[in-house]
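**Q** sequence plus predicted model, see below.
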Amino acid sequence: MQAPRVNRLRKPAAQSAIRTCTLAVLALSFHLATSASGSTESNTPGYDIDQTGFSPPCRLKRGALHTVTDVVDAETIRLDDGRLVRLIGARTPAPSSTAAGYRETLQERAARALTELVLGHSVRLYYPAIDRDRYGRTLAHVVREDSSQGRTWVQRHLVTNGHARTYVIPGNAECVDALAEAENRARNAGLGLWSLAAYRPIASSRTEHLRRLKGTFQLVEGRITGVGSSRGNVYLNFGRNRRFAFTAFIACASLTGQRDWAKDLKTLKGRRIRVRGWIEIHNGPHIEVTHPNQIELLKKDQS
């Protein structure tokens, strides 16, 4: 069987690095996730989505109930008021990705799972700080509310069953902790997309392979050989040759006001981490980190 094509995803709009940032961030802190425009409809600011067992809790703006009239694709639904809603935090596979033993592509399987879960059902939207994308679609976490079956957080359902990966949109990082936990369980169990080698974490030492994955969303694992900084930007280096080795880049703009984000990035030297994001090329391959939850500190027994 021919190997599945690599999932190529478009990088979402993100904060660009502020190269002119001259104030170096001296007191850096780093929250490490251990492996293990508000809507006018919103009526409960700061509502905790974790009211009935969602863990850990995340606070969002709660909207009214609506009925899902159409499932456009594996990440988009249409409501009875005509709005298109993009499911944030859960990235489904590319249309061409397939798994052995299935006639459907992984995206088709994800879309079918979404359809079975929400089509014709009542759902409630929970809005992040930025609730519209550049195409005018509503961005939200979605919870199906069923009088007989209770409440189901749609994004976590997709991630838990291996239909999607967790990702962060700059400015919309709510609930990512819970989704990351669900992803870890699905990945360890080899569910869905995690059964394909193309979706498994890639060793940071495979720089030529990473170069070929430019513009795709990937998980990269490796040991940090050094931590550098320039004009407030921070660089986590994964090899001695900084011009060619994989690097995780944190822009000064992302660190501004984030004193609780890092207790000292230099303490990461020698540690093994997993970083997720879109592969770009600047000298060597790199991922720009805009939120702490893009980085996981791996357990010592992982190799």
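**A** Nice, thanks for sending it over.

**Q** can you list the low-confidence ranges for this structure?
**A** Applying pLDDT under 70 to the chain picks out residues 1-57, 96-103, 257-264, 300-303.

**Q** repeat the analysis, applying 50 as the threshold.
**A** 1-40, 42-46, 51-56, 100, 301, 303 (pLDDT under 50).

**Q** kindly report the domain assignment for the protein.
**A** Per the record, the chain has its domains at 37-195, 201-297, by automatic domain parsing.

**Q** all strands for the stretch 1-150 of the chain, in order.
**A** 33-34, 44-48, 59-73, 76-79, 84-87, 90-91, 122-127, 138-146, 150-153 (DSSP state E, counting those that start in this stretch).

**Q** revised request: answer the last question for the stretch 151-300 of the chain.
**A** Counting by DSSP E, counting those that start in this stretch, the strands of the stretch 151-300 of the chain are 165-166, 202-203, 217-223, 226-230, 233-237, 247-250, 272-282, 284-288, 295-297.

**Q** give the burial count for the nearest residue to L87 once chain neighbours are set aside, as a bare number.
**A** For L87, ignoring the flanking residues on the chain, the nearest one in space by C-beta to C-beta, 6 or more residues apart in numbering is E75 at 5.0 Å. C-beta here means a position set from N, CA and C on the backbone, and glycine is covered the same way. Other residues lying near E75 total 21 when counted by other C-beta atoms under 10 Å.

**Q** which ones are touching E75?
**A** R86, L87, A90, R91, T92, A164 (C-beta atoms under 8 Å, 6 or more residues apart in numbering).

**Q** contact partners for the second one?
**A** Residues touching L87, when contacts are defined by C-beta under 8 Å, 6+ apart, comprise E75, T76, I77, L114, A140, H141, V142, V154, Q155, L158.

**Q** the fourth one and V154 touch, don't they?
**A** Right, L114. Yes: the pair formed by L114 and V154 meets the contact definition of C-beta atoms under 8 Å, at 7.1 Å.

**Q** who has more neighbours, those two?
**A** Using other C-beta under 10 Å as the criterion, L114 and V154 rank with L114 on top: 27 against 24.

**Q** any idea how far V68 is from the more buried one?
**A** 9 Å (C-beta to C-beta, to the nearest Å).

**Q** what touches both of the two?
**A** Residues touching both L114 and V68 (C-beta under 8 Å, 6+ apart): I77.

**Q** so what touches stretch 244-254?
**A** 15-18, 21, 23, 25, 170, 204-205, 207, 210, 220, 222, 225, 231-239, 265, 273, 275, 282-291, 295.

**Q** list the buried residues for that stretch?
**A** The neighbour-count check on stretch 244-254 (16 or more other C-beta atoms under 10 Å) flags A245, F246, T247, A248, F249, I250, A251, C252, A253, S254 as buried.

**Q** which of those residues lies closest to N184?
**A** Proximity of the buried residues of stretch 244-254 to N184 was ranked by C-beta to C-beta; the top entry is A248 with 19.2 Å.

**Q** beta-bridge partners for that closest one, please?
**A** For A248, the beta-bridge partners are L236, I287 (DSSP bridges).

**Q** so R91 sits against L219, correct?
**A** No: counting by C-beta under 8 Å, R91 stays clear of L219, with 11.3 Å between them.
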